[in-house]
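Trainee: Could you look at this predicted model? Sequence included:
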Number of protein chains: 2
Amino acid sequence: MNNLNSNFENRKAPKIREINITPIAVVDPPLLNAAGLHAPYALRTIVELITDDNISGISEIPGNISINAALETAKNLILGRDPFQLNAMRRVLEDYFGKETSAQRGDAPWDQRKLVHIFSSIEVACMDIIGKLTGLPVVDLLGGKLRDAVPFSAYLFYKYEGAGGELEFKTDPTATGWPAARQASALNPTEIVAQAKAMCKEFGFQSIKLKGGVFEPRVEVDSIFALRTAFGPDTPLRIDPNALWTVETSIKYGKEMEGYIEYLEDPTRGQKNMATVRKALNIPLATNMCTTSFEEIPDSISFGSEDIILSDHHFWGGLRSSMELTRICQTFGRGLSMHSNSHVGISLAAMVHLGAAIPDFKYALDTHYPWQSDEVIAGGRLKFKDGSVEVPKGPGLGVELDREALARLHQNYLKCGLTKRDDEIEMQKVVPGWKFKTVRW
Amino acid sequence: MNNLNSNFENRKAPKIREINITPIAVVDPPLLNAAGLHAPYALRTIVELITDDNISGISEIPGNISINAALETAKNLILGRDPFQLNAMRRVLEDYFGKETSAQRGDAPWDQRKLVHIFSSIEVACMDIIGKLTGLPVVDLLGGKLRDAVPFSAYLFYKYEGAGGELEFKTDPTATGWPAARQASALNPTEIVAQAKAMCKEFGFQSIKLKGGVFEPRVEVDSIFALRTAFGPDTPLRIDPNALWTVETSIKYGKEMEGYIEYLEDPTRGQKNMATVRKALNIPLATNMCTTSFEEIPDSISFGSEDIILSDHHFWGGLRSSMELTRICQTFGRGLSMHSNSHVGISLAAMVHLGAAIPDFKYALDTHYPWQSDEVIAGGRLKFKDGSVEVPKGPGLGVELDREALARLHQNYLKCGLTKRDDEIEMQKVVPGWKFKTVRW
């Protein structure tokens, strides 16, 4: 004990001496969703904190020019601080950027709120550093593993033919297997089933989510029934109309899907409308659009707007905050799973560490990862086995930057000319005059 | 990085190889409360976990024979486990002891619920070990310090003359200062003011709580007004009738105290009654009796039963759970402070680490510590400065067992013959036939 104490007295707190903010663009196929069409590249921002002892911690958040500018501003607030002092860092960021209000979140599902994104990028990178300094995987900083591997679901998209990136709507004819299927169009139930089969074959997913809000509900619900016929009753199915349906449409098509789907995600917009739909249906409702922050939890509980919160550590202020959200969900009898945007391996690793620590794990997590082919982590893309990703070995997140890949993907960012996500503009390139609507059917 | 990774691959997870459960009895004066009278000794149980590398982690919980027996049973579930794997340990304890239900909590404020007590004793001791293994104070395992010292309030009690322990209702005439005042009787407003002055002089407390539920409300409310006169408007005052008042009595005397007290603690019994009182009064209500577990939070929110939860890491399942409770309180606009029972320095150290990490700290914490004179930690009793306790230096909790003192206080336990707290029986020794009532006035 005395020895430990004397080490402690002599210990020098680590300091963050460098913060590197690197916007990257990763190839993304022409995926359709309620807000329009994915651009040929998805933007992410890679954050690296380096301590005075040259320990590097990394994180990844949804990228756009305004969050990058805010991160540059945040640098001065964070440089020189001890990575263990996360409560203090959250406080200085709150003081500077203001506490989140739900008004800061817009209608589109990827709408960005500065404080939670910035703090999550700092927190995850600090947790990576803390893990490295203490010799612990991030999951152990969250109370330890309850499972060795974390299950994800197949995330299906309606899409145009095309590979994305420089190929845009063209395909690489030399591709085989999932990379070939990833290029194929999926514009009807038959093509969606083909996409699902190829994706499940490649990754072993045991449950399936269809991103809807693209075609009229009849087509999308028929895709669900086609998936049911193809996969049978043992493969849980979910559909996400991205809040484009009216209450009436949600109830009408929800009734049809009773007994056939695991949950219905954000059929309609707003907590009160969700609550109305929830009362009318015998299907759990999930959300990453109607209840998206701690500030919105009280109304969610009071209205009874959903059964399952699809959390996202980028949007809920980091990994420890996500554990707190988990406790809130447990306390109020809500389920918890995870939402995803187009991402690479750093976000995936963080999701896996968090997913391994969650006590009540009932729903396989969302991930866009199969749709991306680029990677910034050393050793290449993380592997799925039977639809699950093993908790990375090694201290911290257990993944390291591939600096050559990072430089190349940053060049992609500079070359592609995109500075923020705007699926409406991308859609207008294909369908002139197309407009996003908050309610469509 | 490679060096860190190879260390990680070679790392041997620590294992808990020994669990020592030591019941102790510490001298406690004849303090009066709603349930009767404190016995001459207060019982605590000291838990020590020792790893295969001889790292010792300690904790302290309210003691009684049934919790000690349950802890003995829990030994087999915990021995051999990695102290970092707290999520897994909670799960095995939940599986064995059953999840908590509010039905397991009785009417008396110290009523014991096995799972939360046992898990808190394991968790705090593991956090102590984790801190020692990683070279970090426990507060840094909770996100880091937001303050260097944690404020407590003076905790006044009506009491009979007497020192407790072997002296029982007698006093040690050689005592001076606070130890002398601690022996004095306090059975009316004048004596309560004298007690407050002596306690505040010794410890520097800046706010004052009076334990009520002893005399009829008129006497107790007059004590509050006497304190106000003696200390002026800048010293926040609180009173805790321990749920003995009816709704009508709570409103009547609450109205009198509007503008004079910081909060009114548990005036009446049950969440619905508390909600009725809360609506009628312009005083914040605090509780450690009507909302005492995560399971009771939904009704608390739905009824609106209180403004401030007086948490207690022994009753809420440990330090990380308490941080989760803090987030729940933030989310729902509730304040948070801390409840206390008679305790020694291990509990106090844990409270201070937790208190230093809490983001919204508005209310000085409760502590019985001034009423105890015994101590089990090396270096003697923790010091207060201006009513606050500095976060202990050193890794983990920053306090170590004084094994000689532990042995002596365990002998006290064996000699005193007490096996559980029963304030009603103690009271009957003084007032024959005295009966605890759930509602008295």
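Mentor: Alright, I've got the coordinates.
Trainee: So A:Glu258 is in contact with A:Ile283, correct?
Mentor: Yes. Using Cβ atoms under 8 Å, A:Glu258 is in contact with A:Ile283, at 5.6 Å. C-beta here means a position set from N, CA and C on the backbone, and glycine is covered the same way.
Trainee: who's more crowded, those two?
Mentor: A count of neighbours by other Cβ atoms under 10 Å in any protein chain shown puts A:Ile283 above the other of A:Glu258 and A:Ile283, at 21 against 11.
Trainee: Disregarding residues adjacent in the polypeptide, which is nearest to that one?
Mentor: A:Leu264 (5.0 Å; Cβ to Cβ, 6 or more residues apart in numbering or on different chains).
Trainee: Look up which helix or strand the one you found falls in, please.
Mentor: Assigned by DSSP states H and E, A:Leu264 falls within strand A:263-265.
Trainee: I'd like the average pLDDT over that strand.
Mentor: Throughout strand A:263-265, pLDDT has a mean value of 98.
Trainee: who touches A:Ile328 in this structure?
Mentor: A:294, A:297, A:334, B:324, B:327-328, B:331 (Cβ atoms under 8 Å, 6 or more residues apart in numbering or on different chains).
Trainee: Can you select the buried ones from those in ChimeraX?
Mentor: To isolate in ChimeraX the members of the contacts of A:Ile328 that are buried, counting by 16 or more other Cβ atoms under 10 Å in any protein chain shown, one can use:
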select /A:294,297,334 /B:324,327,328,331
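Trainee: Could you provide the contacts of A:Ile328 in JSON lines, with additional columns for pLDDT and distance to B:Ala198?
Mentor: Converted to JSON lines, these look like this (pLDDT from 0 to 100; distance: Cβ to Cβ, whole Å):
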{"residue": "A:Phe294", "pLDDT": "96", "distance to B:Ala198": "44"}
{"residue": "A:Ile297", "pLDDT": "97", "distance to B:Ala198": "45"}
{"residue": "A:Arg334", "pLDDT": "97", "distance to B:Ala198": "50"}
{"residue": "B:Glu324", "pLDDT": "98", "distance to B:Ala198": "38"}
{"residue": "B:Arg327", "pLDDT": "98", "distance to B:Ala198": "38"}
{"residue": "B:Ile328", "pLDDT": "98", "distance to B:Ala198": "38"}
{"residue": "B:Thr331", "pLDDT": "97", "distance to B:Ala198": "40"}
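Trainee: Show me the contacts of A:Ile328 that map onto helices.
Mentor: A:297, B:324, B:327-328, B:331 (DSSP state H).
Trainee: Of those residues, which is the nearest to B:Tyr158?
Mentor: Of all the ones in helices among the contacts of A:Ile328, B:Ile328 has the smallest distance to B:Tyr158: 33.6 Å, by Cβ to Cβ.
Trainee: quick revisit: quick check: of the ones in helices among the contacts of A:Ile328, which lies closest to B:Thr268?
Mentor: For the ones in helices among the contacts of A:Ile328, the nearest to B:Thr268 is B:Ile328 (23.1 Å; Cβ to Cβ).
Trainee: per-domain residue ranges of chain A.
Mentor: Domain assignment of chain A by automatic domain parsing yields the ranges A:14-139+A:405-416, A:142-397.
Trainee: Which of those has the lowest mean pLDDT?
Mentor: Among these, domain A:14-139+A:405-416 carries the lowest mean pLDDT (a mean of 92).
Trainee: next one: it to chain centre, how far?
Mentor: Distance of domain A:14-139+A:405-416 from its chain centroid, counting by Cα atoms, centre = their mean, to the nearest Å, is 13 Å.
Trainee: check contacts around the residue nearest the centre of chain A.
Mentor: Compute the mean C-alpha point of chain A, and by Cα atoms, centre = their mean the closest residue is A:Ser340, 2.1 Å away. Residues near A:Ser340 by Cβ under 8 Å, 6+ apart: A:155, A:312, A:347, A:351, A:365-369.
Trainee: 10 Å - rerun?
Mentor: A:Ser340 makes contact with A:152-153, A:155, A:209, A:288, A:310, A:312, A:314, A:347-348, A:351, A:365-369, A:371 under the criterion Cβ atoms under 10 Å, 6 or more residues apart in numbering or on different chains.
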